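Asker: 3D, please:
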Amino acid sequence: MNECKIVMYHYVRPIKNSKYYKIKGLEIDGFKRQIEFFEKKFHFITIEELLDSAYSNKTIPKNSILLTFDDGFKDHFSHVFPILKKLNIQGCFFPVAKPIEKNLVLDVHKIHFILANTSEQNLVKEIFQLISNHQIDYNLKNPEDYFKELGIPNRFDTKETIFIKRILQRELPKELRGKITDKLFTKFVSENESEFSKNLYLTINEMNEMSESGMYFGSHTNSHEWLTHLEKDSLKNEIKESVDFLKKIQSDIQNLVMCYPYGDYNENVIEEITKFGFKAGLTTEVGTAIFARENIFKLKRFDTNDFPQ
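Answerer: Presented below is the predicted three-dimensional model:
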């Protein structure tokens, strides 16, 4: 049975001395050291080799590894791409279409930079007050009850951070969480969303240059929604808009791979993406990916923090 370690990255940038020194990402030197570690311990493969293994039973080397980069950050062009190109290593990149085409900032990334620019305790107080202000209008629970329910720490985040992410990413009504996130982003990060977006995300030209040098681009959907929460037509549109976007950047449309936003998927999502010709799906479930037809749409990944840096 063929298997592989798939590694997941997000921010790769100079962090320590930057304006957003609390952003949770990987320093460039740490990325370089990690690549050196992988070169000694693993065999780099491409996404095409992964798919051939699953669909044609082609054998891949033992201790294979594949690098994936979520969200389409400009970091990936400025800092990751030159390193991978020099070493002839394929990176697999999964940009979100809408923020790049519309010069918007995804709420999930607004939350990251809000967290990076103020203390967790201060932010929890702000959110408590904003929930209280809208409690009657939206029939909300007491903020303390939300915190007790959602504030469960995981292996990377404190209970305060998890509460902030969950309340603003999923728990509150969509309209309200958008309003609150926008308000906090304007207050703590930037009043110019369009300019911030241009500095945060890849451009079409940058992606084309990367693609021409052997980098792979797959789908992270159109607007990074929780896919299992969408009605069928909305789900279909999320996928279609993303595929249309990939066609603009010389992506390998014959080898489409979906990277599920938030790792959120179910059998209905898998059924829908197969209609668009997708051949695999990447989750955020931790573990070694097994290449077999029965689980090719449920591929596990490791976080960069699971390996030496």
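
Asker: any idea how far stretch 30-48 is from the chain center?
Answerer: On the basis of Cα atoms, centre = their mean, to the nearest Å, stretch 30-48 sits 20 Å off its chain's mean C-alpha point.

Asker: check stretch 172-188 too.
Answerer: So, by Cα atoms, centre = their mean, the centroid of stretch 172-188 is 20 Å from its chain's centroid.

Asker: domain map for this protein?
Answerer: Taking automatic domain parsing as the criterion, the chain consists of the domains 3-103+200-306, 107-194.

Asker: let me have those domains in a markdown table, extended by mean neighbour count and mean pLDDT.
Answerer: Where you see a C-beta, it was placed from the backbone N, CA and C, and this is true even at glycine. Putting these into a markdown table (neighbours: other Cβ atoms under 10 Å; pLDDT from 0 to 100) gives the following:
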| stretch | mean neighbour count | mean pLDDT |
| --- | --- | --- |
| domain 3-103+200-306 | 18 | 95 |
| domain 107-194 | 16 | 95 |
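
Asker: same for the host helix or strand of Phe147, what does it pack against?
Answerer: Assessed by DSSP states H and E, Phe147 sits inside helix 143-150. Using 3 or more Cβ pairs under 8 Å, 6 or more residues apart in numbering; DSSP states H and E as the contact criterion, the secondary-structure elements in contact with helix 143-150 are helix 120-133, helix 159-166.

Asker: what's the closest of those to Val257?
Answerer: Proximity to Val257 (Cβ to Cβ) singles out helix 159-166 among the helices and strands packed on helix 143-150, at 25.4 Å.

Asker: the helices in this structure, which residues?
Answerer: Along the chain, counting by DSSP state H, helices occupy 28-41, 47-56, 74-75, 81-87, 97-102, 107-117, 120-133, 143-150, 159-166, 174-188, 193-200, 204-212, 232-247, 267-275.

Asker: can I get these in a markdown table including distance to Ser18?
Answerer: Below are these laid out as a markdown table (distance: least, Cβ to Cβ, whole Å):
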| stretch | distance to Ser18 |
| --- | --- |
| helix 28-41 | 11 |
| helix 47-56 | 31 |
| helix 74-75 | 11 |
| helix 81-87 | 19 |
| helix 97-102 | 21 |
| helix 107-117 | 9 |
| helix 120-133 | 19 |
| helix 143-150 | 29 |
| helix 159-166 | 19 |
| helix 174-188 | 16 |
| helix 193-200 | 12 |
| helix 204-212 | 20 |
| helix 232-247 | 29 |
| helix 267-275 | 36 |
